[in-house]
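build me a structure from this.
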Amino acid sequence: MGDNKVIRGISLVYGLYLLLPIALLLVGSVGGSWTNTLLPSGITGQWYQDLWLDSSFRKAFVSSLVVALAACAINTVLALPLAYALYHGARRGGGLAARIVSAMPVAVPAITLAFGYMVVFNTDLAPWLGSMPLLIAAHAILTLPYLTNTLLADLRHLDLHRLEQAAATLGASGWQQFTGIVLPSLRQSLLSGLVMVAAISVGEFGVSNLLTSFQNRTYPVVLLQAFYGATGFACAATVVLLVLAGASALLSSSLVQARKVQP
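Presented below is the predicted three-dimensional model:
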């Protein structure tokens with residue numbers, strides 16, 4: 001009983017710590033005036049209307065979508081064969097590469113990648129700092145381990161090597177095993193992983209803020225600048241980003257749950 005009370009207390013404190021700022025953002029997005037007070041005064045929907053009419057936010061939103069979709073496309077091409085190779089490499093005793101890939105999102109901070117890109121691609125030989133292709137490449141590299149880990153975990157769970165062995169005895173080539181067994185089995189985990197990649201890319205700020213130019217600013221970069229203006233406007237812009245991230249998380253978790261209950 002004592003342990004249960006401690007767990008409930010920690011959960012309550014954590015929940016309040018997590019949800020209270022979100023609640024204040026929601027309140028602020030519909031507040032009329034918010035200056036040096038705990039809560040805003042008045043109710044208005046003007047901030048959302050101003051956000052819709054702001055061309056810089058619309059352009060930044062489109063840029064974020066372009067970067068996220070391009071990163072998803074690149075990761076699809078790279079993560080599928082990479083996860084497949086890591087899966088078979090780990091089965092042969094070469095699991096070090098798989099562990100390195102799994103640890104990359106934690107071991108290598110995104111800001112390190114951004115600073116490295118600034119040094120390399122701000123030279124006469126490669127003057128690409130601020131370009132959209134460089135930003136897409138940075139997002140793709142940043143999110144690649146997340147999709148690879150998702151696919152790798154599903155490959156381990158499905159234990160496909162038995163099906164591959166059966167297909168090999170029937171004369172199927174390695175390419176036929178990959179396209180006929182692996183790809184159909186990974187379609188749901190691939191989709192859920194891509195949703196996660198898109199959510200991470202849309203919400204990524206550190207890399208985008210250092211690598212983007214004025215013409216290619218993403219939504220989080222423009223969002224930061226909004227906080228120097230009207231607070232309600234900035235809250236409304238943040239709520240939009242929160243809704244996108246929440247919808248992506250729900251979609252990803254729904255796909256994962258559907259994968260678990262699939263016979």
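
can you get me a residue count around residue 179?
12 (other C-beta atoms under 10 Å). C-betas here are computed from N, CA, C, even on glycine.

surely it is in a strand?
No. Counting by DSSP: H, G, I helix; E, B strand; the rest coil, residue 179 falls outside a strand, being helix.

next up, the contacts around it.
Going by C-beta atoms under 8 Å, 6 or more residues apart in numbering, residue 179 touches no other residue.

from residue 144, how far off is it?
22 Å (C-beta to C-beta, to the nearest Å).

quick one: low-confidence parts of the stretch 51-200 of the chain?
90-99, 101-106 (pLDDT under 70).

biggest helix in this structure, by residue count?
In the chain, assigned by DSSP state H, the helix with the most residues is helix 55-91.

would you indicate which residues of it are buried?
Judged by neighbour count using 16 or more other C-beta atoms under 10 Å, the buried positions of helix 55-91 are 57, 59-61, 63-65, 67-68, 70-72, 74-75, 79-80, 82-84, 86-87, 90.

likewise stretch 145-162?
For stretch 145-162, by 16+ other C-beta under 10 Å, it's 145-152, 154-155, 158, 160.

nearest to residue 25, of the residues you listed?
Nearest to residue 25 among those is residue 146, at 25.6 Å by C-beta to C-beta.

tell me the first helix or strand C-terminal of the helix or strand hosting residue 23.
If you go by DSSP states H and E, residue 23 is part of helix 2-29. Sequence-wise, the next helix or strand downstream of helix 2-29 (DSSP H and E) is strand 31-33.

which outside residues touch that following strand?
Strand 31-33 is contacted from outside by 39-44, 232, 235, using C-beta under 8 Å, 6+ apart.

quick one: average pLDDT of it?
Across strand 31-33, the average pLDDT comes to 78.

again, but for stretch 223-235
78.

buried ones in that stretch?
Using 16+ other C-beta under 10 Å as the test for burial, stretch 223-235 gives 223, 226, 231-235.

show me the contacts for residue 158.
For residue 158, the contact set (C-beta under 8 Å, 6+ apart) comprises residue 185.

repeat the analysis, applying 10 Å as the threshold.
Listed by C-beta atoms under 10 Å, 6 or more residues apart in numbering, the contact partners of residue 158 are 87, 181-182, 185-186, 189, 259.

what does residue 28 give?
34, 39-40, 47, 231-236, 238-239 are the contacts of residue 28 under C-beta under 10 Å, 6+ apart.

ok, so of those, who is nearest residue 110?
Nearest to residue 110 among the contacts of residue 28, counting by C-beta to C-beta, is residue 238 at 19.9 Å.

how far away is the spatially closest residue to the closest one that is not a sequence neighbour from residue 11?
Nearest non-adjacent residue to residue 238, counting by C-beta to C-beta, 6 or more residues apart in numbering: residue 25, 5.3 Å away. Per C-beta to C-beta, residue 25 is found 22 Å from residue 11.

between these two, which one's more packed in?
Between residue 25 and residue 11, counted using other C-beta under 10 Å, the more crowded position is residue 25 (17 against 10).

isn't the more buried one right up against residue 234?
Yes. Under the criterion of C-beta atoms under 10 Å, residue 25 makes contact with residue 234 at 9.0 Å.

just the helices in the protein please.
Secondary structure of the chain, counting by DSSP H: helices at 2-29, 46-53, 55-91, 96-107, 110-120, 132-158, 161-169, 174-177, 183-185, 187-203, 206-211, 219-226, 231-261.

can you list these in JSON lines and add distance to residue 126?
Formatted as JSON lines, the helices of the chain follow (distance: least, C-beta to C-beta, whole Å):
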{"stretch": "helix 2-29", "distance to residue 126": "40"}
{"stretch": "helix 46-53", "distance to residue 126": "36"}
{"stretch": "helix 55-91", "distance to residue 126": "19"}
{"stretch": "helix 96-107", "distance to residue 126": "23"}
{"stretch": "helix 110-120", "distance to residue 126": "6"}
{"stretch": "helix 132-158", "distance to residue 126": "9"}
{"stretch": "helix 161-169", "distance to residue 126": "42"}
{"stretch": "helix 174-177", "distance to residue 126": "36"}
{"stretch": "helix 183-185", "distance to residue 126": "35"}
{"stretch": "helix 187-203", "distance to residue 126": "23"}
{"stretch": "helix 206-211", "distance to residue 126": "13"}
{"stretch": "helix 219-226", "distance to residue 126": "22"}
{"stretch": "helix 231-261", "distance to residue 126": "32"}
